[in-house]
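Colleague: Sequence and predicted structure, then a few things I'm wondering about:
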Amino acid sequence: MEETSEELTATTVAALVDSAAASAEHEYDIAQTLRQSLRVSRDNEQDVAAPGPASWTFWAYEYHPRRAKPTEQDFFEPPLLYADGTGNIPSLSSLPDEAIEWLAQLSREVKQPRALARLAHLLFLRRYGNAGIHARTAIKSYLVIARRSIDIDAVDAVRIGLELSRRIGDAQLADDALGIIVGIIRAALAVDQPAAGVVLGLLDMLVSEANPLSDVEQLLQDARAAYANDAHNADTVISFELRLSRGDTAVTTALWDARVALWIAAAEKTDRIVASVHLQRAVKHARASGDSQLLERTTAKLQELRLDDLGLTRITVGMSLPRPHLDQMIRSVIDAPTWQEALREFARLGPVTGDADANRRAARQQEQDFPLSRLFPPAQLGGDNLPRFSATTDEEIFEHRLVKNELLFLQLHAPVVLEGLMRIIASRPIPSLEELSQHFATNPTIPPDLAAAIARSFLRFWAGDAEGAVCTATPLIEALARNLLVQDDFGIYRLQRQQSPGQYPGLRFLLDELSKRGLDASWHRFMLVLCAHVVGFNFRNELSHGFILDVDDSFAALVLQVVAYLANLNITSAVASSNMQHDADKAEPYEPEPQGDS
């Protein structure tokens, strides 16, 4: 399509632009009016064979500002950007010189501040002619726009005007912009419900100044008073005050105290789970303050909340598992000719969390199916009501989703593992301590004393003491993992510098190292989620710190399965790339269908 606009002159087009700008609240409004008055095609904006003044004028107001420095040429961009980097209209940098010359002619005719600000800004960014003159024209026009209202539009206009003033080194225009900012803030705070977007956005600009105005401190105090009943906005104001304190210890300490007290007070005005969220924020601020006493007091406030006080609803789902299906899942245990072989088969049931690769694919698919869930980053509390985990990055959000899926499989299949453990002795006498110890000691990585400790844990469970079995078996998981790595000549004991005592690395570190040496990925995920993952059950840590006070039989069976699995492993080559071997292939987990509430 070839644009035909011989009748268009700068004067006639400027009149159309001024007419469109007179009632426009945004540059977008000017563009839409010009689309009709200049007859610019909607369908082939980029495909005009010979664009001319009509298209150039429309494009100038169609550009969208980015959240970047208004002094950078790519500050304005096409409203639609495609995957190949092009847009639905040409970028400012790609406009031909004749288009820029046309915009310059237009700027000499246009009168409306909103229309003139955009043209002069574009000319400055393209460094057309005397760039300084264009910048000053744009700045003055932006400041006129800012004076006309007390809204976000005014905030954007004065921000651009201030940054352009700083860019060209015009102190007088910068002072004018700062004066307008102060005036808008005072006017906004004078109403009953000050617009937070206006007040906070402008205060941010004032505090960011290298030499803040003397008015700023009083404006911050006024803003904090205005938002006294709004913890979120008051918190933002205090964050500005902290930036302004610039290292004054007494002032900084008082501000952190006030910031923490703000959220404690907000928690006292609400109930249940909202109070917990507010107190978590208070703890976060107390930790950031570096004041250990403040952190201790605030943490105590959070720990006063009991989980029963949060108003959470427990949802339970029951399922029926037909006996033939259950027997089929543990067939290898049932048909084992000896208890020793049955115990080995029990160790290989699963893993109950499922296939690691399939779980990751499912989590990725859930991301696509439920994109809005990413708008609500998950957080998790521990047994002490303190936050254990808060997902903020994309990787953390994905890991949280993945672990929650794995936990669901784990809970569904735990009864199967329990049944397998009980079937070992269902038709046989319970092995003696000596027999069990000899069985586990056949693995060269397990010394006799460790083999006996494992045997006692199993005997406790079969004697009806699931809790005792778990409490004694859990530390053995770490011992078994450590022995496997020692067999691979891996230096477990880490000497710390500066005469600090040596340390043994934690269980998660050991499991990850075993994974590098050939531990099956799905079993690695199962043991990690069960024992040492902060989003999972994190059983080893929660139990050690006294947050797990009751253990059911199914959970005990899972812990003993981990012990049995590791007790069956062996590293066949003492090199970093060695492979872990198990006596047989693992069984596929059964995935029953939920049958309703119970």
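Modeller: Arrived safely, thanks for sending. Residues are numbered from 1 along each chain as shown.
Colleague: can you map out the strands along this structure?
Modeller: Using DSSP state E, the strands of the chain run over 64-65, 76-77, 317-318, 379-381, 387-390, 570-571, 580-581, 596-597.
Colleague: rank those strands by mean pLDDT and give me the bottom one.
Modeller: The weakest mean pLDDT among these belongs to strand 596-597, with a mean of 38.
Colleague: Any buried residues in stretch 427-440, and which?
Modeller: 431, 436-440 (16 or more other C-beta atoms under 10 Å). C-beta: built from backbone N, CA, C; applies to glycine.
Colleague: Return the member of these nearest to Asp29.
Modeller: Phe440 (78.4 Å; C-beta to C-beta).
Colleague: Could you check the pLDDT of the closest one?
Modeller: For Phe440, the pLDDT comes out at 96.
Colleague: Enumerate every residue touching the residue lying closest to it once chain neighbours are set aside.
Modeller: Nearest residue to Phe440, sequence neighbours excluded (C-beta to C-beta, 6 or more residues apart in numbering): Ala451, at 3.9 Å. Applying C-beta atoms under 8 Å, 6 or more residues apart in numbering, we find Ala451 in contact with 436-441.
Colleague: give me that answer again for 10 Å
Modeller: 436-443, 567 (C-beta atoms under 10 Å, 6 or more residues apart in numbering).
Colleague: Can I get the residues you listed in TSV including distance to Val260?
Modeller: Shown next, in TSV, are these (distance: C-beta to C-beta, whole Å):
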residue	distance to Val260
Leu436	55
Ser437	55
Gln438	60
His439	57
Phe440	53
Ala441	56
Thr442	58
Asn443	53
Ala567	49
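Colleague: Sitting in helices, which of those do you find?
Modeller: Members of those lying in helices (criterion: DSSP state H): 436-441, 567.
Colleague: Tell me which two of the residues you listed sit farthest apart.
Modeller: Once C-beta to C-beta is applied, the ones in helices among the contacts of Ala451 give Gln438 and Ala567 as the farthest pair, at 12.6 Å.
Colleague: Just the buried residues of the longest helix seen in the chain, please?
Modeller: As assigned by DSSP H, the longest helix anywhere in the chain is helix 394-423. Using 16+ other C-beta under 10 Å as the test for burial, helix 394-423 gives 397-407, 409-423.
Colleague: With stretch 547-560 instead?
Modeller: 548, 551, 553-560.
Colleague: Could you report the distance from the spatially most central residue of the chain to Thr236?
Modeller: Among the residues of the chain, the one closest to the centroid is Thr392, at 1.6 Å (C-alpha atoms, centre = their mean). According to C-beta to C-beta, to the nearest Å, Thr392 stands 18 Å off from Thr236.
Colleague: cool, and Asp176?
Modeller: From Asp176 to Thr236 the distance is 26 Å (C-beta to C-beta).
Colleague: how many neighbours does Gly546 have?
Modeller: Neighbour count of Gly546, defined by other C-beta atoms under 10 Å: 9.
Colleague: let me redo that: Gln487
Modeller: Gln487, neighbours per other C-beta under 10 Å, totals 17.
Colleague: Does it touch Pro447 like I think?
Modeller: No - in this structure Gln487 lies outside contact range of Pro447 using C-beta atoms under 10 Å: 11.5 Å.
Colleague: all helices of the stretch 451-598 of the chain, in order?
Modeller: Secondary structure of the stretch 451-598 of the chain (DSSP state H, counting those that start in this stretch): helices located at 466-487, 507-516, 521-527, 539-544, 553-568.
Colleague: would you turn those helices into TSV with distance to Leu295 and mean pLDDT?
Modeller: As requested, the helices of the stretch 451-598 of the chain are exported to TSV (distance: least, C-beta to C-beta, whole Å; pLDDT from 0 to 100):
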stretch	distance to Leu295	mean pLDDT
helix 466-487	30	92
helix 507-516	25	91
helix 521-527	33	96
helix 539-544	21	85
helix 553-568	33	95
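Colleague: Distance check, Ile334 against Leu326.
Modeller: On the measure of C-beta to C-beta, Ile334 and Leu326 end up 10 Å apart.
Colleague: can I assume Ser208 is in contact with Gly201?
Modeller: No - applying C-beta under 10 Å as the test, Ser208 and Gly201 come out as separate, 11.1 Å apart.
Colleague: what about the two, which has more around it?
Modeller: Gly201 (19 against 11).
Colleague: helices and strands of this protein: which one has the lowest mean pLDDT?
Modeller: Ranking every helix and strand in the chain by mean pLDDT, DSSP states H and E puts strand 596-597 at the bottom, with a mean of 38.
Colleague: which stretches of the stretch 51-200 of the chain aren't confidently modelled?
Modeller: Low-confidence segments of the stretch 51-200 of the chain (pLDDT under 70): 68.
Colleague: Please enumerate the helices of it.
Modeller: 53-62, 97-107, 113-125, 131-147, 152-168, 171-189, 196-208.
Colleague: How about the contacts made by Val144?
Modeller: 112-114, 116-117, 157, 161, 180.
Colleague: Likewise for Ala455?
Modeller: Contacts of Ala455 (C-beta under 10 Å, 6+ apart): 431-441.
Colleague: What of Ala469?
Modeller: Applying C-beta under 10 Å, 6+ apart, the residues near Ala469 are 456-463, 551, 553, 556-557, 559-560, 563.
Colleague: Okay then, goodbye and thanks.
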